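> Test case, fold it:
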Amino acid sequence: MKYMGSKSRIAKYIVPILQSEINKNGIKEYIEPFCGGCNVIDKIKCDKKVANDLNKFLIALFIHLKNDGELPSEVSRELYNKVKKDYKNNVYDDWYCGAIGFLASYNGKFFDGGYAKSGYETTKSGVRLRDYYKESSNNILKQIPNLLDVDFISQDYLLFAPKNALIYCDPPYKNTTQYNISKNFDYEKFWAKIREWSKDNIVLVSELIAPDDFEVVWQQEVSRSLNASGKTKAIEKLFRYKG
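Sure thing, here's the model as predicted:
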């Protein structure tokens with residue numbers, strides 16, 4: 001699924017590290033407290049898999065599709081703006097708001113990125129017409145068969161109290177663009193919780209920076225989309241608590 005901050009392009013590096021920890025330690029439960037577009041958990045093999053996100057519309061969308069629900073065939077700019085205006089007022093089903101907000105927004109930014117209109121695009125092989133909503137819909141539908149064994153939850157990550165699990169965290173990155181729902185994210189509280197979880201679990205965190213008592217397990221330079229016309233580069237890292 002296209003999602004701001006998605007790990008789809010680097011999952012091929014991260015997943016083998018996570019899977020190796022699961023296999024060699026006999027881990028039975030895998031948890032993602034910040035599952036986002038589920039571009040990592042859909043590739044993990046474990047007895048129990050839990051995907052959590054504070055955005056209830058995102059989780060409702062995955063549950064809807066997991067239960068054989070269908071997506072709107074198309075989304076006009078008029079419909080997009082209508083749902084964007086009213087999605088907080090319980091006018092529409094949560095899954096429907098999630099479908100419009102994530103699949104019809106540029107770069108999957110849930111109404112923050114603006115309407116991703118279809119149009120002609122020049123590529124090396126010529127000019128082609130792109131239907132962004134259809135592309136996003138097809139992408140998430142391809143994921144669903146690999147998410148049927150996932151338990152979807154929407155709650156504050158601080159409520160988790162796991163034991164003997166592998167926890168992979170992909171939190172809102174510090175000093176980067178964030179969704180409205182993740183603004184004012186408390187990083188001190190987050191790293192404190194990671195230290196606490198690490199006493200009884202294996203915990204790995206994706207971020208660009210971390211406190212000094214965390215070590216880098218893996219890193220890779222990647223390009224990141226800022227908006228429809230701009231990109232920047234950053235060093236993606238996977239951290240683990242030294243303690």
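
> Which parts of this protein are helices?
Secondary structure of the chain (DSSP state H): helices located at 11-24, 56-66, 77-86, 94-103, 132-143, 187-197.

> roughly how far is the last one from the heart of the chain?
Right, the one you point to is helix 187-197. The chain centre lies 20 Å from the centre of helix 187-197; the measure is Cα atoms, centre = their mean, to the nearest Å.

> pLDDT wise, what is residue 176 at?
Looking at residue 176, its pLDDT is 59.

> nope, residue 181 is what I meant
59.

> who wins for proximity to residue 114 among the helices of the chain?
Nearest of the helices of the chain to residue 114, taken as Cβ to Cβ: helix 77-86 at 9.0 Å. C-betas here are computed from N, CA, C, even on glycine.

> Measure how far that closest one is from the centre of its chain, please.
Once both centres are worked out by Cα atoms, centre = their mean, helix 77-86 turns out to sit 23 Å from its chain's centre.

> ok, and what's touching it?
Helix 77-86 is contacted from outside by 72, 92, 96, 97, 100, 101, 104, 105, 111, 115, 117, using Cβ atoms under 8 Å, 6 or more residues apart in numbering.

> Please indicate which of the residues you listed are buried?
92, 96, 97, 100, 101, 104, 105, 111, 115 (16 or more other Cβ atoms under 10 Å).

> Find the residue closest to the third one in space, skipping its chain neighbours.
Beyond its immediate neighbours in the sequence, the residue positioned closest to residue 97 (Cβ to Cβ, 6 or more residues apart in numbering) is residue 87, lying 4.0 Å away.

> Highest mean neighbour count out of the helices of the chain?
Across the helices of the chain, averaging neighbours per residue (mean count of other Cβ atoms under 10 Å) puts helix 94-103 on top, at a mean of 24.

> pLDDT on that one, on average?
Averaged over helix 94-103, pLDDT sits at 97.

> just the angle between it and helix 132-143, please?
Relative orientation of helix 94-103 and helix 132-143, computed by axes from the mean of the first three to the mean of the last three Cα atoms, to 10 degrees: 120 degrees.

> which secondary structure elements does helix 94-103 contact?
Counting contacts by 3 or more Cβ pairs under 8 Å, 6 or more residues apart in numbering; DSSP states H and E, helix 94-103 packs against helix 56-66, helix 77-86, helix 132-143.

> For residue 22, which of those is the nearest?
That would be helix 132-143 among the helices and strands packed on helix 94-103, by Cβ to Cβ, at 19.8 Å.

> what sits up against that closest one?
So helix 132-143 is contacted by 1-2, 37-39, 42, 61, 65, 71, 74-75, 102-104, 106, 108, 116-118 (Cβ under 8 Å, 6+ apart).

> Could you rerun that using 10 Å?
With contacts defined as Cβ atoms under 10 Å, 6 or more residues apart in numbering, helix 132-143 is touched by 1-3, 8, 37-39, 41-43, 61-62, 65, 70-76, 80, 99-100, 102-108, 115-119, 121, 131, 147.

> ok, the buried ones among the contacts of helix 77-86 vs residue 208, which is closest?
Minimum distance to residue 208 across the buried ones among the contacts of helix 77-86 is 23.5 Å, recorded for residue 105 (Cβ to Cβ).

> For that closest one, which residues are in contact?
Residue 105 makes contacts with 2, 4, 75, 80, 84, 111-116, 132-133, 136, as judged by Cβ under 10 Å, 6+ apart.

> Reformat those residues as TSV; add pLDDT.
Converted to TSV, the contacts of residue 105 look like this (pLDDT from 0 to 100):
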residue	pLDDT
2	67
4	65
75	95
80	96
84	97
111	93
112	87
113	79
114	90
115	93
116	89
132	90
133	93
136	94
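
> Cool, thanks, signing off.
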